[in-house]
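S.K.: Fold the following, please.
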Amino acid sequence: MKVNKEFIDKNFSTIHLSFLQTIVFRQSFINHNLGGAVDSCIIQIVCWHHLTSLLNDNLKNESTEFEKALHHWNNSFGVNFSSKKLTLTLLSELSAIPLETVRRRVIQLEKLNWVKYSPKTGVVYSPSEENNNLIVEINEKEKELQANYLSIYEKAKNLLLQ
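M.R.: I've put the predicted structure just below:
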């Protein structure tokens, strides 16, 4: 069975409940570990930009297996190696957090060894070892949540094939 809107409609309650549960549990876990909703939102966007840049601009033809991606992730901090910089304005637009709040929080996150910022390079993921270890720990929890969500999705798909 092809996954499309019809598939989702037929399995809406099961799939959507699991999807929302994944999002809520993930966000709660992240907010508790990254200093609250505002900072966690900003850090998530910075990490997303970093990973997107790493995978799209630097690892185009390489395996994205977790261990290989993690190795590249751990060896690429503090430099904006992408042609696309993450500006404060873009961070504000993506997060729906007012620009002045983003600016103040980025200054604080720089002091807390999460990011580096300059108008020339934009906001760059540049964590301390301890902070990066926390991101890797969060990623392990995210993989658990994704696996649970995808197993429910697979069960729904298999039921339709019977």
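S.K.: Do you have the strands of the protein handy? List them.
M.R.: Assigned by DSSP state E, the strands in the chain fall at 115-118, 122-125.
S.K.: Output the contacting helices and strands for the first one.
M.R.: Strand 115-118 makes packing contacts with helix 99-111, strand 122-125 when contacts are defined by 3 or more CB pairs under 8 Å, 6 or more residues apart in numbering; DSSP states H and E. (C-beta placed from N, C-alpha, C; glycine too.)
S.K.: Please work out which residues outside the first one touch it.
M.R.: Under the contact criterion CB atoms under 8 Å, 6 or more residues apart in numbering, helix 99-111 has outside partners 38-39, 42-43, 88-89, 91-92, 95, 97, 115-117, 123.
S.K.: List buried residues within these.
M.R.: Those of the contacts of helix 99-111 that meet the buried threshold are 38-39, 42-43, 88, 91-92, 95, 97, 115-117, 123, by 16 or more other CB atoms under 10 Å.
S.K.: right, and out of the residues you listed, which lies closest to residue 5?
M.R.: Nearest to residue 5 among the buried ones among the contacts of helix 99-111: residue 95, at 28.4 Å, using CB to CB.
S.K.: and the nearest residue to the closest one once chain neighbours are set aside, how many neighbours does it have?
M.R.: Ranked by CB to CB, 6 or more residues apart in numbering and with sequence neighbours excluded, the top spatial neighbour of residue 95 is residue 41, at 4.9 Å. Close neighbours of residue 41, defined as other CB atoms under 10 Å, add up to 21.
S.K.: contacting residues around residue 40?
M.R.: By CB under 8 Å, 6+ apart, the contact set of residue 40 is 27, 30, 31, 33, 34.
S.K.: Mind exporting the C-alpha coordinates of the helix or strand bottoming out on mean pLDDT in the chain to PDB?
M.R.: When each helix and strand of the chain is scored by mean pLDDT, DSSP states H and E, helix 66-74 comes last, with a mean of 74. Only the C-alpha atoms of helix 66-74 are listed here, as PDB (Å, rounded to 0.1, in the frame of the first residue of the first chain):
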ATOM      1  CA  PHE A  66      24.300   7.200  12.200                       C
ATOM      2  CA  GLU A  67      27.900   6.500  13.300                       C
ATOM      3  CA  LYS A  68      29.400   8.100  10.200                       C
ATOM      4  CA  ALA A  69      27.100  11.100  10.500                       C
ATOM      5  CA  LEU A  70      27.900  11.400  14.200                       C
ATOM      6  CA  HIS A  71      31.700  11.300  13.400                       C
ATOM      7  CA  HIS A  72      31.300  14.200  10.900                       C
ATOM      8  CA  TRP A  73      29.000  16.000  13.300                       C
ATOM      9  CA  ASN A  74      31.600  15.800  16.100                       C
END
